[in-house]
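Visitor: pasting the sequence and the predicted coordinates here, then a few questions.
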Protein chains: 2
Amino acid sequence: MNQVEVCLTPELIHQHDLSGKIAVVVDIFRATSCMVTGMAHGVQSIHPVATVEECLQLGAKGMVTAGERGGIKVEGFTIGNSPYEYMREEFQKQSIAVTTTNGTRTILASEGAKEIIIGAFLNLSAVARHIQQKNSDVLIHCAGWKGTVNIEDTLYAGALIAELSGTHAHTGDAALLAHELFRANQTDLMKIANNSAHAARLAGFGVAKDLELCMQQSKFDVVPIYENGEITSLTQK
Amino acid sequence: MNQVEVCLTPELIHQHDLSGKIAVVVDIFRATSCMVTGMAHGVQSIHPVATVEECLQLGAKGMVTAGERGGIKVEGFTIGNSPYEYMREEFQKQSIAVTTTNGTRTILASEGAKEIIIGAFLNLSAVARHIQQKNSDVLIHCAGWKGTVNIEDTLYAGALIAELSGTHAHTGDAALLAHELFRANQTDLMKIANNSAHAARLAGFGVAKDLELCMQQSKFDVVPIYENGEITSLTQK
């Protein structure tokens, strides 16, 4: 059997060997959920950057600009951080530059893997199928929040482990922990996600609809891949 | 209500503010379980050190020497790393120097807390009662294994959170994760502990009896405290 391991935050990535593995980067609330949604709605490419400045520079080159700070769309940006905004018809075949601190950090810290795939509940099955077709070991790399472990990304890790259970054995206690968390909560993922620190931080920003979308499984059949600074969809290739 | 938070490995301790809090250090397999057992059996003090050399130096000063490397007692040491060895009558009122890499590291990384308490399943209730008497916020500091998260220490964190639920609210997703893991497995802690990476590493060393003892709850009524390089029992003071 192939192996699946879990890194609970990018601060612990030095404990893992990425070489020869597919890295699945996940930041459920809301960066990778947005990316997957965009790709499923015809966006050409997404360019994750760490700062507002970098994002504005890409905006000046014609890209759509996306991102939020403190729960509010950045001034001068086209859109914020809601996956619903990524569904807009006018963004088809466009490129989107997005600021995401946790997400960008995690993507960059995944360099060295043979592929960097963007995962979310929204494309759970598509990512699992891709991994199984590649017959590869996997590392699920949770973005967490400011270096801390978070519930929603750990839940996703457990869900992907469950999805891969026919072909991949989980290895290490972080993977066991994630799998147990998912198994204990799979009948109502939203309930525990609502108890997370992130949901508490976002309360009051009217994003309940966003969070519900982010917890929906296998709604979109896309596998976004990060290469050379941009995310494109494998299914478009 | 007071707060209880969880640090899943000493590599993430910089994300926490220890000041004004009681730190509970836990290394279930087997360092803190041994310490609690020794204290419950009349050992005067325990001196945790990182290296074999430091331990031998304290041995030359008359202390009992304890510890293992790779699952086997260190050559020249009095005892290894089994909690049963800490029950010996001849160690009453003696001092024990013990090498423990994960445990020592976690204790030293807890400096800055107002108290550093040694926790294990074996003294679960005693530690909870002490914390409630002190009316203090708590950080549960899991030793993990070589900087990685482990199941048994995370389970303990969840158990202590449950024990403190009348007086302490858990804060942060690591605490929520630990609490969920404990709740989902509380009817058979040994089962998931046996699936842990640590149990797999120890298989073949004939330590099943040790691991079973380490998972027993509230067997001993002691609260060991670390101060000035040594662990003594609060109940002896």
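Guide: Done, it's in. All figures in this text were calculated on a predicted structure; none of them were measured in a lab.
Visitor: so what's residue A:91 closest to, chain neighbours aside?
Guide: Spatial nearest neighbour of residue A:91, excluding adjacent residues (C-beta to C-beta, 6 or more residues apart in numbering or on different chains): residue A:43 at 5.3 Å. The way it works is simple: take the backbone N, C-alpha and C, and place the C-beta from them, glycine included.
Visitor: just residue A:79 next, same as before
Guide: residue A:85 (4.0 Å).
Visitor: which residues sit in contact with the one you found?
Guide: Residue A:85 makes contact with A:34, A:66, A:79 under the criterion C-beta atoms under 8 Å, 6 or more residues apart in numbering or on different chains.
Visitor: look up phi and psi at residue A:207.
Guide: phi -110, psi 10 (degrees, to the nearest 10).
Visitor: surely it meets residue A:84?
Guide: No: taking contacts as C-beta atoms under 8 Å, residue A:207 lies outside contact range of residue A:84: 10.0 Å.
Visitor: so residue A:42: helix, strand or coil?
Guide: When classified by DSSP: H, G, I helix; E, B strand; the rest coil, residue A:42 comes out as coil.
Visitor: name the element the residue of chain A found nearest chain B belongs to?
Guide: Closest residue of chain A to chain B, C-beta to the nearest C-beta: residue A:184 (3.6 Å). When elements are assigned from DSSP states H and E, residue A:184 belongs to helix A:173-185.
Visitor: how far does that helix sit from the chain's center?
Guide: A distance of 18 Å separates the centroid of the chain from that of helix A:173-185, by C-alpha atoms, centre = their mean, to the nearest Å.
Visitor: would you map the strands across chain A?
Guide: Ranges of strands in chain A, per DSSP state E, are A:2-7, A:22-26, A:45-49, A:64-66, A:68-69, A:72-73, A:95-99, A:115-119, A:138-142, A:168-170, A:224-227, A:230-233.
Visitor: list the buried residues in stretch A:91-103.
Guide: For stretch A:91-103, burial by neighbour count (16 or more other C-beta atoms under 10 Å in any protein chain shown) applies to A:91, A:94, A:95, A:96, A:97, A:98, A:99, A:100, A:101, A:102, A:103.
Visitor: now tabulate these in JSON lines and tack on pLDDT and distance to residue B:214.
Guide: Below are the buried residues of stretch A:91-103 laid out as JSON lines (pLDDT from 0 to 100; distance: C-beta to C-beta, whole Å):
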{"residue": "A:91", "pLDDT": "97", "distance to residue B:214": "56"}
{"residue": "A:94", "pLDDT": "98", "distance to residue B:214": "57"}
{"residue": "A:95", "pLDDT": "98", "distance to residue B:214": "55"}
{"residue": "A:96", "pLDDT": "98", "distance to residue B:214": "52"}
{"residue": "A:97", "pLDDT": "97", "distance to residue B:214": "52"}
{"residue": "A:98", "pLDDT": "96", "distance to residue B:214": "47"}
{"residue": "A:99", "pLDDT": "92", "distance to residue B:214": "47"}
{"residue": "A:100", "pLDDT": "88", "distance to residue B:214": "42"}
{"residue": "A:101", "pLDDT": "86", "distance to residue B:214": "40"}
{"residue": "A:102", "pLDDT": "90", "distance to residue B:214": "36"}
{"residue": "A:103", "pLDDT": "91", "distance to residue B:214": "39"}
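Visitor: ok, residue A:216 to residue B:99 distance?
Guide: Distance of residue A:216 to residue B:99, given as C-beta to C-beta, to the nearest Å: 51 Å.
Visitor: ah, wrong one, I meant residue A:126
Guide: From residue A:126 across to residue B:99, the span is 49 Å (C-beta to C-beta).
Visitor: can you name the residues of chain A that neighbour chain B?
Guide: With the criterion set to C-beta under 8 Å from any C-beta of the partner chain, chain A comes near chain B through A:8-9, A:11-12, A:15, A:145-151, A:154, A:172-174, A:176-177, A:180-181, A:183-185, A:192, A:195-198.
Visitor: just the buried residues of these.
Guide: Neighbour counting by 16+ other C-beta under 10 Å classes A:8-9, A:11-12, A:15, A:145, A:148-151, A:154, A:172-174, A:176-177, A:180-181, A:185, A:192, A:195-198 among the residues of chain A next to chain B as buried.
Visitor: pLDDT score assigned to residue A:237?
Guide: pLDDT recorded at residue A:237 is 45.
Visitor: where does the prediction get shaky in chain A?
Guide: Chain A contains residues with pLDDT under 70 at A:235-237.
Visitor: contacts for stretch A:44-61 next, please.
Guide: The contact list for stretch A:44-61 (C-beta under 8 Å, 6+ apart) reads A:31, A:35, A:38-39, A:63, A:65-67, A:69, A:74, A:76-78, A:92-101, A:103-105, A:107, A:224, A:226, A:229-232.
Visitor: and it, how far out from the chain's middle?
Guide: Worked out by C-alpha atoms, centre = their mean, stretch A:44-61 lies 18 Å from the chain centre.
Visitor: stretch A:77-93 now?
Guide: Centre-to-centre, stretch A:77-93 and its host chain are 16 Å apart (C-alpha atoms, centre = their mean).
Visitor: now do the end-to-end distance for that stretch.
Guide: The first residue of stretch A:77-93 is 19 Å away from its last residue (C-alpha to C-alpha, to the nearest Å).
Visitor: buried sites along that stretch?
Guide: A:77, A:78, A:79, A:80, A:81, A:82, A:83, A:85, A:86, A:88, A:91.
Visitor: wait, the first one touches residue A:69, no?
Guide: No: counting by C-beta under 8 Å, residue A:77 sits too far from residue A:69 to count as a contact (9.7 Å).
Visitor: and for chain A, the residue most distant from the center?
Guide: residue A:60 (25.9 Å; C-alpha atoms, centre = their mean).
Visitor: got the contact list for residue A:130?
Guide: Going by C-beta under 8 Å, 6+ apart, residue A:130 touches A:117, A:223, A:234.
Visitor: that one and residue A:225, how far apart?
Guide: From residue A:130 to residue A:225 the distance is 9 Å (C-beta to C-beta).
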